[in-house]
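[1] here's my sequence, what's the structure:
(chains A, B, C and D)
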Protein chains: 2
Amino acid sequence: MKPPNKGGRGGPDPVSELTTNRLSIYLRALAALDKAGVRAVSSQALADQFHLNAAQIRKDLAQFGEFGVRGVGYVVTDLLRHLREILGLDRQLPVAVIGAGNLGLALADYSGFRIEGFDVVALFDVAKHKIGRRSRAGVTIHDIRHFPRLAKRLGIRIAVLAVPHAQAQRVADAVVGAGIKAILSFSPGGVEVPGGVKVKRVDLTVSLESLSYYLAQGDGHES
Amino acid sequence: MKPPNKGGRGGPDPVSELTTNRLSIYLRALAALDKAGVRAVSSQALADQFHLNAAQIRKDLAQFGEFGVRGVGYVVTDLLRHLREILGLDRQLPVAVIGAGNLGLALADYSGFRIEGFDVVALFDVAKHKIGRRSRAGVTIHDIRHFPRLAKRLGIRIAVLAVPHAQAQRVADAVVGAGIKAILSFSPGGVEVPGGVKVKRVDLTVSLESLSYYLAQGDGHES
DNA sequence: TTTTGTGAACTAGTTCACAGCT
DNA sequence: AGCTGTGAACTAGTTCACAAAA
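    Numbers count the residues shown, from 1 in each chain, chains lettered A, B, ... in the order given. Just a heads-up that it's a prediction; the model follows:
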């Protein structure tokens, strides 16, 4: 019965990032159920099938409204629609990838992106010889200096940073200067941005080193 | 004065993954200081410079031993050595990338990997026409059916999964069957593995959707 | 009856603040 | 004096368990 705080007032976001990450996971799970023709699902069934916690699913969803039907569960198509709206996936989001190296080109063409409302509309790089060329899937590489102009024209909302660490901060500054409010950075070591800009980091070195730690521990008692 | 539990007994790991992730971040920070010629650093100075929390740095490190000198701080080269040993980076770790698509090829050639002890020694794929070819940086693509044999011969310890979601579980099973204990998966939706195998997920869809949520909230009150 | 939505209990993680070492 | 290492306090996140709704 609590008001769902739709539309977000200016204050700090009360919804944890762990929660929004899980919403994305619920969305995927429900899409699979929908595809399989399932009409309604209880939080328990959802939890069992996708290895989640039923209470947590209910708590997460309850932050945004009362989407369930007591005694029945959640109507799959309805909840899908609600989740897409909450996550802002009810419209196409233009994405730019900065850095047309191996990783940037791969990300620009990554088929997983397009499926849920993300559309990589441009690549950017500093290297003269790359500018004007296209990725295999046909995304054109532009001069990074034209980012502000093109970002506006193409309506870019998210910048994916796939540049060397040394350039990451400078590129981030430029991107933020052009009004971008959401950045996905693959750069090791993070970038600093002013308040009101959201950065998500994917740090492959940290991931691998954490795996290495795990192996190092295992080696100790397996010998 | 508490024993540092070096070498790990069989029981569940008492060190949180958040901690091991941070150790990796400390390692990077210290490497930068070392490069800059800094001899010793206090937890406070480290925290200030890299936007961390001093008490947390001390707590994290204290789990593995008493590396600091009271009144002085941490001797950079010593702590670097300790961290590399804790993270198992004092030896080269052979890595295999499974899936020679855009992403897999990019990851195999990703220069950030080699720097800290990881060595991508092989690519694997199912597609006949890819087998025998090489990535730009020269990593050979092998038939996935030869994974067990080659994994043994090359001493592969970590498998990076860059295959379509539909194949992820099958590939994970094969990799685990070949004795791999650490997996970095780029597949959306996670894979199931038996106990004793560690999986780290990098889920680009979740990351982007979480950013989308943030933008959707912002749009609400900026209109 | 079934299952949600949610306060309460619990668990994990972070930060404080200070005793004790150098 | 300066700074670590760490118990205590605090904060965030998860899970339990049940009243209320359908």
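[2] give me the phi and psi angles of residue A:88.
    Geometry field for residue A:88 lists phi and psi as phi 70, psi 30, criterion degrees, to the nearest 10.
[3] give the contact list for it.
    With contacts defined as C-beta atoms under 8 Å, 6 or more residues apart in numbering or on different chains, residue A:88 is in contact with B:212, B:213, B:215, B:216, B:217, B:219. No exception for glycine: its C-beta is placed from N, CA and C like everyone else's.
[4] now it. Nearest residue, chain neighbours left out?
    By the measure of C-beta to C-beta, 6 or more residues apart in numbering or on different chains, the closest residue to residue A:88 outside its immediate chain neighbours is residue B:216, 2.8 Å from it.
[5] may I ask which helix or strand encompasses that neighbour?
    Secondary structure here is read from DSSP states H and E; on that basis residue B:216 sits in helix B:204-222.
[6] and that helix, what's its mean pLDDT?
    Taken as a whole, helix B:204-222 has a mean pLDDT of 88.
[7] do that helix and DNA strand D meet?
    No: residues of helix B:204-222 are not located near DNA strand D by C-beta under 7 Å from any atom of the strand, the shortest gap being 12.8 Å.
[8] can I get that helix in CSV, CA atoms only?
    The C-alpha coordinates for helix B:204-222 follow below in CSV (Å, rounded to 0.1, in the frame of the first residue of the first chain):
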residue,chain,number,x,y,z
LEU,B,204,26.7,-6.9,-19.8
THR,B,205,23.0,-6.9,-20.1
VAL,B,206,22.5,-6.6,-16.3
SER,B,207,25.0,-3.7,-16.3
LEU,B,208,23.3,-1.9,-19.1
GLU,B,209,19.9,-2.4,-17.8
SER,B,210,21.0,-1.1,-14.4
LEU,B,211,22.3,2.0,-16.1
SER,B,212,19.0,2.3,-18.0
TYR,B,213,17.1,2.2,-14.7
TYR,B,214,19.2,5.1,-13.5
LEU,B,215,18.5,7.1,-16.6
ALA,B,216,14.8,6.3,-16.4
GLN,B,217,14.7,7.7,-12.8
GLY,B,218,16.6,10.8,-13.8
ASP,B,219,14.3,11.4,-16.8
GLY,B,220,11.4,11.5,-14.4
HIS,B,221,12.4,14.7,-12.6
GLU,B,222,14.3,16.4,-15.3
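[9] for the closest residue to residue A:179 other than its chain neighbours, phi and psi?
    Setting aside the residues directly before and after it, residue A:179 is nearest to residue A:151 in space (C-beta to C-beta, 6+ apart), at 7.0 Å. When read as degrees, to the nearest 10, the backbone of residue A:151 gives phi -60, psi -40.
[10] distance of residue A:151 relative to residue A:88?
    Between residue A:151 and residue A:88 the distance is 18 Å, computed by C-beta to C-beta, to the nearest Å.
[11] ditto for residue A:188
    Counting by C-beta to C-beta, the gap from residue A:188 to residue A:88 is 28 Å.
[12] next: residue A:170.
    In this structure, residue A:170 lies at 29 Å from residue A:88, with C-beta to C-beta as the measure.
[13] what residues does chain A have near DNA strand D?
    Taking C-beta under 7 Å from any atom of the strand as the measure of proximity, chain A contacts DNA strand D at A:16-19, A:53, A:55-56, A:58-59, A:69-72.
[14] 10 Å instead?
    With C-beta under 10 Å from any atom of the strand as the criterion, chain A comes near DNA strand D at residues A:1, A:12, A:14-19, A:21-22, A:43, A:47, A:52-60, A:66, A:68-72.
[15] just the buried ones out of these, please.
    A:15, A:19, A:21, A:22, A:43, A:47, A:52, A:57, A:58, A:60, A:68 (16 or more other C-beta atoms under 10 Å in any protein chain shown).
[16] so what's the fifth one up against?
    Put plainly, it is residue A:43. With contacts defined as C-beta under 8 Å, 6+ apart, the neighbours of residue A:43 are A:54, A:55, A:57, A:58, A:68, A:73, A:74.
[17] one more time with 6 Å
    For residue A:43, the contact set (C-beta atoms under 6 Å, 6 or more residues apart in numbering or on different chains) comprises A:54, A:57, A:58.
[18] is it fair to say the second one lies in a helix?
    Yes: with DSSP: H, G, I helix; E, B strand; the rest coil as the criterion, residue A:57 is part of a helix.
[19] need the nearest residue in space to it, chain neighbours excluded.
    If the residues on either side of it in the chain are set aside, residue A:57 comes closest to residue A:43, at 4.4 Å by C-beta to C-beta, 6+ apart.
[20] same check on residue A:196?
    Computed as C-beta to C-beta, 6+ apart, the closest residue to residue A:196 that is not its neighbour in sequence is residue A:181, at 6.5 Å.
[21] secondary structure element for residue A:124?
    In this structure, residue A:124 is located in strand A:118-125 according to DSSP H and E.
[22] what does residue A:89 give?
    Residue A:89 belongs to no helix or strand when assigned by DSSP H and E.
[23] I'd say it and residue A:118 touch.
    No: under the criterion of C-beta atoms under 6 Å, residue A:89 is not in contact with residue A:118, lying 8.6 Å apart.
[24] among these two, which residue is more densely surrounded?
    Set side by side, residue A:89 and residue A:118 show unequal neighbour counts under other C-beta atoms under 10 Å in any protein chain shown, the larger going to residue A:118 at 24 against 20.
[25] mind listing the residues bridging to that one?
    The residues listed as beta-bridge partners of residue A:118 by DSSP bridges are residue A:93.
[26] look up how far DNA strand C lies from it.
    28 Å (C-beta to the nearest atom of the strand, to the nearest Å).
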